[in-house]
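>>> just coords:
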């Protein structure tokens, strides 16, 4: 039995794309950037090291999968991959497309404000691919 | 043959602790926080997805190892794990101890200024453990 419940902030800030073997893949409602969240469907996990070895192995494979999709479909300059969790403790991994002319470059993008409003077109684009 | 050369900015900003199977483990010269860098000894790698599956598997194991050491020896509130590389392209993974009263909490710590000056005591502490 798995009593996993998605954190309500993550739920509100992002849209569900797909269930992978370990993680739910979601798209953050960011108007400027392709910004994915990988959220392991495990209960009471805040840190990567709290996942068992098998889940860690799945996690790196899913990071690889989504990063490769991003690199294939967008002409990115960089991918930022991060597990922070300072605000939302439930373990979630950010995978973010970055560009040398994006709104925060070369700084991290957390906390910077959207230039454009989020459009469902971006969600539809990824939903069709993934 | 491995022609890996450490990026000079990473070299200047951190101190060598240990060679793990995939990565060099280094301690960033941060006065406030235990801030590790894991740098895969691979040539021309900027992204996690550019590592082959075997190296990715080693990487997640080394992230696990260092995170567990940090959690064992410090009374941390959170660990931030991130591969950004917006400023230094050579792939390096940050593993950073975070506290609810640290200088940047709950924001990411990149770009925030040290309160205390870096002390070799911190380096000696980890060198003895690792």
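Good, I have the coordinates. Predicted model only: the values in this text are computed from it and were never measured. Numbering: from 1, shown residues only, chains lettered A, B, ... in the order given.

>>> for the rest of this, base every contact and every neighbour count on C-alpha atoms.
Will do.

>>> what about residue A:80, neighbour count?
Per other CA atoms under 10 Å in any protein chain shown, the neighbour tally for residue A:80 reads 20.

>>> host element of it?
Here residue A:80, judged by DSSP states H and E, is contained in strand A:78-83.

>>> just want the angle from that strand to strand B:78-83.
Here strand A:78-83 points in a direction 160 degrees away from that of strand B:78-83 (axes from the mean of the first three to the mean of the last three CA atoms, to 10 degrees).

>>> buried residues in strand A:78-83?
For strand A:78-83, burial by neighbour count (16 or more other CA atoms under 10 Å in any protein chain shown) applies to A:78-83.

>>> now the strands: where do they sit in chain A?
A:14-19, A:23-28, A:35-40, A:78-83, A:93-98 (DSSP state E).

>>> among the ones you listed, which is nearest residue B:71?
strand A:78-83 (15.5 Å; CA to CA).

>>> closest point of chain A to chain B, which residue?
residue A:82 (4.0 Å; CA to the nearest CA).

>>> and that residue, what does it touch?
A:93-95, B:80-84 (CA atoms under 8 Å, 6 or more residues apart in numbering or on different chains).

>>> quick check: bridge partners of it?
Note on residue A:82: beta-bridge partners by DSSP bridges are residue A:94, residue B:82.

>>> that one and residue B:7, how far apart?
21 Å (CA to CA, to the nearest Å).

>>> tilt between the longest helix anywhere in chain A and strand A:23-28?
Across chain A, the longest stretch assigned as helix under DSSP state H is helix A:53-73. With the same axes, to 10 degrees defining the directions, helix A:53-73 sits at 40 degrees from strand A:23-28.

>>> show me what helix A:53-73 is packed up against.
Under the contact definition 3 or more CA pairs under 8 Å, 6 or more residues apart in numbering or on different chains; DSSP states H and E, helix A:53-73 sits against strand A:35-40, strand A:93-98, helix B:53-73.

>>> report the buried residues of that helix.
For helix A:53-73, a neighbour-count test (16+ other CA under 10 Å) marks A:55-64, A:66-68, A:70 as buried.

>>> now do stretch A:98-111
For stretch A:98-111, burial by neighbour count (16+ other CA under 10 Å) applies to A:98-99, A:103-104, A:106, A:108-109.

>>> near chain B at all, stretch A:108-118?
Yes: between stretch A:108-118 and chain B, judged by CA under 8 Å from any CA of the partner chain, the touching residues are A:108, A:110-111.

>>> which outside residues touch that stretch?
For stretch A:108-118, using CA under 8 Å, 6+ apart, the contacting residues are A:29-32, A:103-104, B:84, B:107-108, B:110.

>>> what's the separation between the residue nearest the centre of chain A and residue A:94?
With distances taken as CA atoms, centre = their mean, residue A:37 lies nearest the centre of chain A, 1.7 Å away. According to CA to CA, residue A:37 and residue A:94 sit 5 Å apart.

>>> same check, this time on residue A:6
To residue A:94, residue A:6 is 15 Å away according to CA to CA.

>>> so where's chain A uncertain?
A:1 (pLDDT under 70).

>>> up against chain B, what does chain A have?
A:47-49, A:53, A:56-57, A:60-61, A:63-65, A:67-68, A:78-87, A:105-108, A:110-111.

>>> apply 7 Å and report the result again.
For chain A, the contact set with chain B under CA under 7 Å from any CA of the partner chain comprises A:47, A:49, A:56-57, A:60, A:64, A:67-68, A:78-84, A:86-87, A:106.

>>> re earlier: tell me the contacts of the residue nearest to the centre of chain A?
Contacts for residue A:37 (CA atoms under 7 Å, 6 or more residues apart in numbering or on different chains) come out as A:25-28, A:92-95.

>>> beta partners for it?
residue A:26, residue A:94.

>>> over to residue A:16?
residue A:26.

>>> give me the neighbour count for it.
Residue A:16 has 15 neighbouring residues, counting by other CA under 10 Å.

>>> do the one 10 residues further on as well
Counted with other CA under 10 Å, the neighbours of residue A:26 add up to 22.

>>> that one and residue A:19 touch, don't they?
No: the pair residue A:26 and residue A:19 fails to qualify as a contact (CA atoms under 7 Å) at a distance of 8.9 Å.
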